[in-house]
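Peer 1: Pasting a predicted model and its sequence here:
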Amino acid sequence: MAEIKVERHPPEARLTELGVRTWPIWTKEVSEFPWTYDTQEICYFLEGEVEVIPEGGEPVRVGQGDLVTFPAGLSCTWKVTKPVRKHYHLA
């Protein structure tokens with residue numbers, strides 16, 4: 001299974017290259033829920049903190065300043081520990 005890729009605090013040039021600031025914004029309150037990615041998602045966390053627990057895998061902590069790629073087909077549980085605000089792009 002493909003893994004979650006995390007780029008911690010990528011340079012602004014990288015964000016500009018991807019067009020991150022033009023992507024839609026998604027928000028979520030503190031909560032826990034299961035999720036499956038039908039397509040690849042790339043997101044950039046503006047605020048918040050999440051523990052993503054892939055089925056059969058190790059938890060991954062992501063949050064403010066992280067650029068994260070979730071592969072298509074990933075099933076996981078999201079534990080939002082601080083309210084999230086993120087840009088996202090579905091590939």
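Peer 2: Received it, and whenever you're ready, just let me know what you need. Values in this document were obtained by computation on a predicted structure and should not be read as measured data.

Peer 1: In this structure, where's the longest strand?
Peer 2: strand 75-90 (DSSP state E).

Peer 1: Extract the CA atoms of that one and return them as CSV.
Peer 2: Provided in CSV are the C-alpha atoms of strand 75-90 (Å, rounded to 0.1, in the frame of the first residue of the first chain):
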residue,chain,number,x,y,z
SER,A,75,-8.5,3.8,4.2
CYS,A,76,-7.8,5.4,7.6
THR,A,77,-9.2,7.1,10.7
TRP,A,78,-8.8,10.8,11.2
LYS,A,79,-8.5,12.1,14.7
VAL,A,80,-8.7,15.8,14.6
THR,A,81,-7.2,17.1,17.9
LYS,A,82,-7.1,20.8,17.0
PRO,A,83,-9.6,22.4,14.5
VAL,A,84,-8.4,22.0,10.9
ARG,A,85,-8.3,24.5,8.1
LYS,A,86,-6.5,23.3,5.0
HIS,A,87,-6.2,23.9,1.2
TYR,A,88,-6.8,20.7,-0.7
HIS,A,89,-6.5,19.4,-4.3
LEU,A,90,-8.0,16.1,-5.6
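
Peer 1: Would you map the helices across this protein?
Peer 2: 12-18 (DSSP state H).

Peer 1: Just the pLDDT at the spatially closest residue to Ala2 that is not a sequence neighbour, thanks.
Peer 2: Closest residue in space to Ala2, ignoring its immediate chain neighbours: Pro71 at 3.5 Å, by C-beta to C-beta, 6 or more residues apart in numbering. Any C-beta I mention is one placed from the backbone N, CA and C, and that applies to glycine too. Pro71 carries a pLDDT value of 97.

Peer 1: next one: the one 5 residues further on
Peer 2: Taken from the predicted model, the pLDDT recorded for Cys76 is 97.

Peer 1: Give the closest residue to it in space, chain neighbours not counted.
Peer 2: For Cys76, the spatially nearest residue (C-beta to C-beta, 6+ apart) is Pro54, at 4.6 Å.

Peer 1: List the contacts of that neighbour.
Peer 2: Met1, Glu3, Ile4, Val60, Leu74, Ser75, Cys76 (C-beta atoms under 8 Å, 6 or more residues apart in numbering).
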